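>>> Coordinates only, no sequence provided:
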Ligand SMILES: Cc1cc2nc3c(=O)[nH]c(=O)nc-3n(C[C@H](O)[C@H](O)[C@H](O)COP(=O)(O)OP(=O)(O)OC[C@H]3O[C@@H](n4cnc5c(N)ncnc54)[C@H](O)[C@@H]3O)c2cc1C
Ligand code: SF4
């Protein structure tokens, strides 16, 4: 398939596993971007590139992306086997999923935490409440970085680990249970399932849809 | 389990016959039996030798699927339910009219795009349809012979499953397939630019772009895709393709009361589409459960239409069909039929 993203060759500078089947891939930054933006990435220059949120900060030396391997997927099983020095092809950053400076809830599922991590690392996290949903405790990626650098309320909702140290249940359960400010903005990032379920809950709690901004990982 | 032959293109059928050690012309015969003569079993392909049929039957079947349910609207629209290979369901809407009969086909089970106003979006994503499952909605339709038009506007975003969509169009438009004109086919998209360009490159079918708001911030509130592929970029890509002569481009515009139906929106729409030979289809919004959106009144739709027309745009108000059986635009959903909720990552 042809693509529209012009892709540039880069070398992998690091790749590490952060949970079962989940990786952080790094390469040197050679462009400026705004936290919340995405890149198209592939392992060939003319493939059907996939999109990934940038997880690193705007001034960081390296770009990081957080991805989970889909065993039957085309690209992620190849990405997860990359080694330092291997070539990858990336587009320029694009997209407009940006959080404004006011009070807001950041709601993420799984790897959907990535743009918010970028915002935290870029010093754009004041007046924010962060709610992250994951299956197991190990799926709260970048947790220690968030604990250290995020001053707002940080809630982790763990859906499948019996002895979790955090809220036991899905993030949709947490959102239903607790009072939510109707004058905040809400930024949602993750799968379509998460976005549509969370959006319905927010709307049922009288949050105007105009205050909800969603990024779906399609 | 046997593999389906139905839905394979001629090229793919040639690969199948070659792996079985059969002569290449068998592929053309298979295409002819399936797509022209429309047989539903290998046994019925009587010009193939018994040996050839046995070889094929050892690994393959035709693999067409009858609709499992049909609902008929008071206006004659019919909604067909088809089971899919992964134990899920999809819907197709048959819309007969005075001089045409249109089938609205699905391309995915659910959808990943999460548009605020859409029932399919609310069901999340359960999988892509195969080419066979797309073309099966057409060929297994009891009214197949009456069909004049196909629109890819059912469940799912066609450009998120573009290879299967392109293969299905190839089957419909090739001499070895239905041999239809691509002008009978319209594919809709919310504007996934890379896949849209692939579609424009590799097919001659018409394009319909779901626009719904000309303003960046406002479109983002109802269509998350706007974050990555903004409508201004989609429109400039379309400009680059210079559509509007042999193949048509239309812009779909669902009208929401107080949200996208003001003179400000009309003016911006005119500005955005300036210089593109196109049609704008205004669509009445069919309220879905728990939605914060309301439809624009018919009178205000006409006012909006006149405003656009006065500025030189070609604008139609699409008649609403099949609303009583939830077959109308944006209402297709098989959520209640999902046997088990997908495992989620949250
Ligand atoms: C704006 C945006 C940002 C994103 N950011 C991130 C991010 O930060 N991190 C991240 O991990 N991902 C992100 N994604 C998702 C990412 O782009 C890829 O879709 C994902 O990594 C899977 O790619 P893949 O090639 O491995 O899988 P694909 O080949 O695309 O397959 C994806 C999944 O669909 C299934 N599938 C494929 N074909 C079919 C079929 N025919 N029928 C049924 N199921 C099928 C596969 O089994 C697989 O599980 C983002 C997406 C978008 C749109
Ligand atoms: S309108 Fe189309 S793209 Fe948007 S959620 Fe519905 S089916 Fe998907």
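Structure received. Predicted model, so just to flag it, every value in this text is computed and none were measured. Ligands and ions are numbered 1, 2, ... in the order given.
>>> Provide a list of residues in contact with residue B:58.
Listed by CB atoms under 8 Å, 6 or more residues apart in numbering or on different chains, residue B:58 has no contact partners. The way it works is simple: take the backbone N, C-alpha and C, and place the C-beta from them, glycine included.
>>> Kindly report the domain assignment for the chain.
I went with chain A, as the question did not name one. As recorded under automatic domain parsing, the domains making up chain A are A:2-90, A:104-217.
>>> Can you look at chain B instead?
B:3-61, B:69-341.
>>> about what we covered before: which one of the domains of chain A is the most hemmed in?
Mean neighbour count (mean count of other CB atoms under 10 Å in any protein chain shown) peaks for domain A:104-217 among those, with a mean of 20.
>>> tell me the mean pLDDT over that one?
The predicted model gives domain A:104-217 an average pLDDT of 97.
>>> What is the distance between it and the centre of its chain?
Counting by CA atoms, centre = their mean, to the nearest Å, domain A:104-217 is centred 10 Å from the centre of its parent chain.
>>> Show the end-to-end separation of it, please.
Domain A:104-217 has an end-to-end distance of 21 Å (criterion: CA to CA, to the nearest Å).
>>> Can that domain be said to contact chain B?
Yes. Counting by CB under 8 Å from any CB of the partner chain, chain B is contacted by domain A:104-217 at A:109-111, A:133-135, A:139, A:157, A:159, A:170-172, A:190-197, A:199-200, A:203-204, A:208-210, A:212-217.
>>> re the thing from before, wait, which of the domains of chain A is closest to residue B:272?
The closest of the domains of chain A to residue B:272 is domain A:2-90. By CB to CB, the value is 19.5 Å.
>>> Check whether that closest one comes near ligand 1.
Yes. Using CB under 6 Å from any ligand atom, domain A:2-90 reaches ligand 1 at A:38, A:50-53, A:65-68, A:70, A:72-76.
>>> Average pLDDT for that domain, rounded please.
Mean pLDDT, domain A:2-90: 95.
>>> what about it, distance to the chain center?
Distance, stretch centre to chain centre, for domain A:2-90: 13 Å (CA atoms, centre = their mean).
>>> repeat for stretch B:197-214
How far stretch B:197-214 lies from its chain's middle: 11 Å, per CA atoms, centre = their mean.
>>> can you pull out the strands in the chain?
Reading this off chain A. In chain A, the strands defined using DSSP state E lie at A:8-19, A:22-28, A:38-42, A:50-53, A:62-68, A:87-90, A:104-109, A:128-134, A:154-158, A:167-168, A:185-190, A:212-216.
>>> meant chain B, my bad for not saying
Counting by DSSP E, the strands of chain B are B:3-4, B:60-61, B:69-72, B:78-83, B:89-96, B:101-104, B:108-110, B:125-128, B:149-152, B:185-189, B:206-210, B:249-255, B:279-284, B:314-318.
>>> what's in contact with the first one?
Right, the one you point to is strand B:3-4. B:59-63, B:130, B:132.
>>> Would you check which pair of those residues lies furthest apart?
B:59 and B:130 (17.0 Å).
>>> neighbour count winner among the two?
Set residue B:59 next to residue B:130 and count neighbours by other CB atoms under 10 Å in any protein chain shown: residue B:130 wins out with 21 against 13.
>>> on that earlier part again, figure out which of the strands of chain A is closest to residue B:231.
In terms of CB to CB, the element of those nearest to residue B:231 is strand A:212-216, at 16.0 Å.
>>> Partner strands of the closest one, with direction?
Using DSSP bridges, the strands paired with strand A:212-216 are strand A:185-190 (parallel).
>>> and the angle from the partner strand to strand A:128-134?
Angular relation of strand A:185-190 and strand A:128-134 on a 0 to 180 degree scale: 20 degrees, by axes from the mean of the first three to the mean of the last three CA atoms, to 10 degrees.
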